[in-house]
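# Okay, here's the prediction I keep looking at, along with the sequence it came from:
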Amino acid sequence: MANTLWIGTRKGVFRLRSDARRRSWKLSGPQFLGHIIHHVVEDPREPRRLAMASKTGHLGPTVYTSSDRGRSWQEAATPPAFRKSVAGEKPRAVERVFWLTPGHVSEPGTWYAGTAPAGLFRSEDHGANWEPVAGFNDHPMNAKWAAGLRTPDGELLHSVRVDPRDARHLYLAISIGGVFESIDRGADWTPLNEGVAADFLPDPSAEYGHDPHCVIQHQQQPDRLYQQNHCGSYRLDRPSRRWVRIGERMPKRIGDIGFPIVAHPRDADKVWVLPMDGSTVWPRTALDGKPAVYCSSNAGQSWRRLDRGLPRAQAWFTVLRQAMCADAEPRLGLYFGTTQGEVWASANEGETWRCIARHVPEIYSLTHAS
Amino acid sequence: MHNVRVASPLRSYTAGAAQVSARGVTVGAILDDLERSHPGMRFRMIDEQDRIRPHIRIFINQREVASLDDALAPRDEVHLICALSGG
């Protein structure tokens, strides 16, 4: 069947549409040329609906939604915004909407948004109006969990995950701050970082303050989580609260630093990462200019390099945390978008790769839509 | 009624108009009136703590506004400026 990829870039949104065999891809767009697009996400409960996180270089952040598969877009009437601060409080204002997650299947119209600085917001009307999730944003520990340690794009709240078995069970991640869990639809939260390295902190065994780059929850086996972190890649099998560093099985010269991590939608043991150079001053580029995807088919016990078709040398791109995804085909397709504006695709689970789009602006997110 | 000059990044809210009219005795009141006639416009310029966003400047005639409480005299003109940013 035909597949769609939404490309959120630093200067607009683009769409790639394949033929039924994923052999040819047609690029369309841009829409919102010049707008900074951090995330474009389809609502799997109602695939004609989309939400898009946007701002411009001048203007404040907002969310656009579509109910016709992206043909037309409407701006949120009430975009994500912190509550008005009271005397003595440090005022918080959303600088960018960074992350969007559709809610549970039992809650049609519900979405979650993560922002910079770290804030969690919920919409119950398909993204038209957003409210702060006070249980997180005003949690007594919030100022310590979200202490203002910024990435170059700010303090990012991302990887909001809704347990497919239970709408009340949520995960989120803050870069920098750590992973947190709620079992009461966001009313209360606890850190979930045991076992995760934080070698940049004064106390490497701290309860929070970690730097998760991307956290995923397997939709068919929801007790299985993976995390690509600033300090390695990890697996967590609930109810355990202790992450296991699966990246230690990666070749030592490659290491286990990266931004994205993607799991096979039908096989919780199969997972892909895209290592980057996290040495010295953190170039965040492909290691040695030779990009490669690494795949584990046994939940991280061993890894295999997949680089057929990728550039063999002098390719210094970066793939950001929202810029790698899978489709749902029987022979799974994998895709990633680079900061140099290229989209690479594999129609055979990463065995071979080819470039299906180039010369678009810096890619911030690449998401699959039906 | 005051004349308000609108920078190009904001004209998606004014149907492309570079000049619109708004009523109010302070800058804040002008922006509230603009929000009524052009929904969504205010939040792109003013954050949830009522601070002017970093790359936005507002002028009354030739004078840069320091606060949304700044008052307007009759026939004052308001300029909504988008300061240079990014590359």
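Everything's here; your move.

# contacting residues for residue 17?
Let's take chain A. Counting by Cβ atoms under 8 Å, 6 or more residues apart in numbering or on different chains, residue A:17 touches A:2-5, A:25-26, A:28. Bear in mind the C-beta positions are built from the backbone N, C-alpha and C, glycine included.

# should've been chain B
B:6, B:11.

# Which among the contacts of residue A:17 count as buried?
If you count burial by 16 or more other Cβ atoms under 10 Å in any protein chain shown, the buried members of those come out as A:3-5, A:25.

# outside of the top helix by length along chain B, which residues touch it?
Longest helix of chain B, by residue count under DSSP state H: helix B:27-37. For helix B:27-37, contacts defined as Cβ under 8 Å, 6+ apart pick out B:2, B:4, B:20, B:22-24, B:41-42, B:45-46, B:50, B:58, B:60, B:65, B:67-70, B:72, B:78.

# Buried residues, it. List them.
B:27-35.

# Chain A contacts on chain B?
B:7, B:9-10, B:39-40, B:43-51, B:53, B:55-56, B:82-83, B:85-86 (Cβ under 8 Å from any Cβ of the partner chain).

# quick one: secondary structure of residue B:9?
helix (DSSP: H, G, I helix; E, B strand; the rest coil).

# what about it, neighbour count?
19 (other Cβ atoms under 10 Å in any protein chain shown).

# so who does it touch?
A:56, A:58-59, B:82.

# quick revisit: farthest-separated two in the buried ones among the contacts of residue A:17?
For the buried ones among the contacts of residue A:17, the farthest-apart pair by Cβ to Cβ is A:4 and A:25; their separation is 9.9 Å.

# Mutual contacts of these two, please.
With Cβ under 8 Å, 6+ apart, residue A:4 and residue A:25 have common neighbours A:16-18.

# Using CSV, please lay out those together with secondary structure.
As requested, those are exported to CSV (three-state DSSP):
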residue, secondary structure
A:16, strand
A:17, strand
A:18, strand
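
# wait, residue A:50 sits on residue A:70?
Yes - Residue A:50 is within contact range of residue A:70, at 5.5 Å (criterion: Cβ atoms under 8 Å).

# These two: which has the busier surroundings?
residue A:50 (26 against 22).

# Not counting sequence-adjacent ones, nearest residue to that one?
Using Cβ to Cβ, 6 or more residues apart in numbering or on different chains and skipping residues adjacent in sequence, the residue nearest residue A:50 is residue A:66, 4.4 Å away.

# And the pLDDT at the one you found?
With respect to pLDDT, residue A:66 scores 98.

# Other residues contacting stretch A:198-213?
A:144-145, A:147, A:149, A:159, A:173-180, A:191, A:193, A:196-197, A:227-231, A:258-260, A:321.

# For ChimeraX, write a command that selects the buried ones of these.
The buried subset of the contacts of stretch A:198-213, as determined by 16+ other Cβ under 10 Å, is captured in ChimeraX by this line:
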select /A:145,159,173,174,175,176,177,178,179,180,191,193,196,197,227,228,229,230,231,258,259,260,321
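
# Out of the contacts of stretch A:198-213, which sit inside helices?
Using DSSP H, the contacts of stretch A:198-213 in helices are A:144-145.

# In strands, which of the contacts of stretch A:198-213 fall?
Judged by DSSP state E, strands contain the following of these: A:159, A:173-175, A:178-180, A:191, A:227-229, A:258-260.

# Can you tell me which of those residues is closest to residue A:340?
residue A:259 (14.8 Å).

# what residues are up against the nearest residue to that closest one once chain neighbours are set aside?
Spatial nearest neighbour of residue A:259, excluding adjacent residues (Cβ to Cβ, 6+ apart): residue A:321 at 4.1 Å. Residue A:321 makes contact with A:158, A:213-214, A:228, A:259-260, according to Cβ under 8 Å, 6+ apart.

# let's see 10 Å
A:98-99, A:156, A:158-159, A:173, A:175, A:212-215, A:228, A:258-261, A:364-365 (Cβ atoms under 10 Å, 6 or more residues apart in numbering or on different chains).

# Kindly provide the distance from it to chain B.
Here residue A:321 is placed at a distance of 21 Å from chain B (Cβ to the nearest Cβ, to the nearest Å).

# The buried ones among the contacts of residue A:17 in strands, which ones?
Per DSSP E, the buried ones among the contacts of residue A:17 map to strands at A:4-5, A:25.

# Save the residues you listed as JSON lines, and put in pLDDT and distance to chain B too.
As requested, these are exported to JSON lines (pLDDT from 0 to 100; distance: Cβ to the nearest Cβ, whole Å):
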{"residue": "A:4", "pLDDT": "98", "distance to chain B": "25"}
{"residue": "A:5", "pLDDT": "98", "distance to chain B": "25"}
{"residue": "A:25", "pLDDT": "98", "distance to chain B": "29"}
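
# okay, the residue most central in space within chain A: pLDDT?
Computing the C-alpha centroid of chain A and ranking residues by Cα atoms, centre = their mean puts residue A:322 first, at 3.8 Å. According to the prediction, residue A:322 has pLDDT 98.

# what's across from it in the sheet?
For residue A:322, the beta-bridge partners are residue A:365 (DSSP bridges).

# the helices in the chain, which residues?
Answering for chain A, as no chain was given. A:134-137, A:142-145.

# I was thinking of chain B, sorry if that wasn't clear
B:27-37, B:41-45.

# what about the most far-flung residue of chain A relative to its centre, distance to residue A:102?
Going by Cα atoms, centre = their mean, the residue of chain A most distant from its centre is residue A:87, 35.0 Å out. Residue A:87 is 37 Å from residue A:102, where distance means Cβ to Cβ, to the nearest Å.

# ditto for residue A:49
Counting by Cβ to Cβ - residue A:49 and residue A:102 are separated by 9 Å.

# Tell me, how many residues neighbour residue A:40?
29.

# which residues does the closest residue in space to residue B:33 that isn't next to it in sequence form a beta bridge with?
Excluding its sequence neighbours, the residue lying closest to residue B:33 (Cβ to Cβ, 6+ apart) is residue B:22, at 4.3 Å. Counting by DSSP bridges, residue B:22 forms beta bridges with residue B:2.

# circling back to that earlier point, okay, the ones in strands among the contacts of stretch A:198-213 in TSV with pLDDT next?
Output for the ones in strands among the contacts of stretch A:198-213, formatted as TSV (pLDDT from 0 to 100):
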residue	pLDDT
A:159	98
A:173	98
A:174	98
A:175	96
A:178	98
A:179	98
A:180	98
A:191	98
A:227	98
A:228	98
A:229	97
A:258	97
A:259	97
A:260	98
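
# can those residues go into JSON lines with extra columns for distance to residue A:40?
Output for those, formatted as JSON lines (distance: Cβ to Cβ, whole Å):
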{"residue": "A:159", "distance to residue A:40": "16"}
{"residue": "A:173", "distance to residue A:40": "20"}
{"residue": "A:174", "distance to residue A:40": "22"}
{"residue": "A:175", "distance to residue A:40": "20"}
{"residue": "A:178", "distance to residue A:40": "26"}
{"residue": "A:179", "distance to residue A:40": "24"}
{"residue": "A:180", "distance to residue A:40": "25"}
{"residue": "A:191", "distance to residue A:40": "30"}
{"residue": "A:227", "distance to residue A:40": "23"}
{"residue": "A:228", "distance to residue A:40": "21"}
{"residue": "A:229", "distance to residue A:40": "25"}
{"residue": "A:258", "distance to residue A:40": "22"}
{"residue": "A:259", "distance to residue A:40": "17"}
{"residue": "A:260", "distance to residue A:40": "16"}
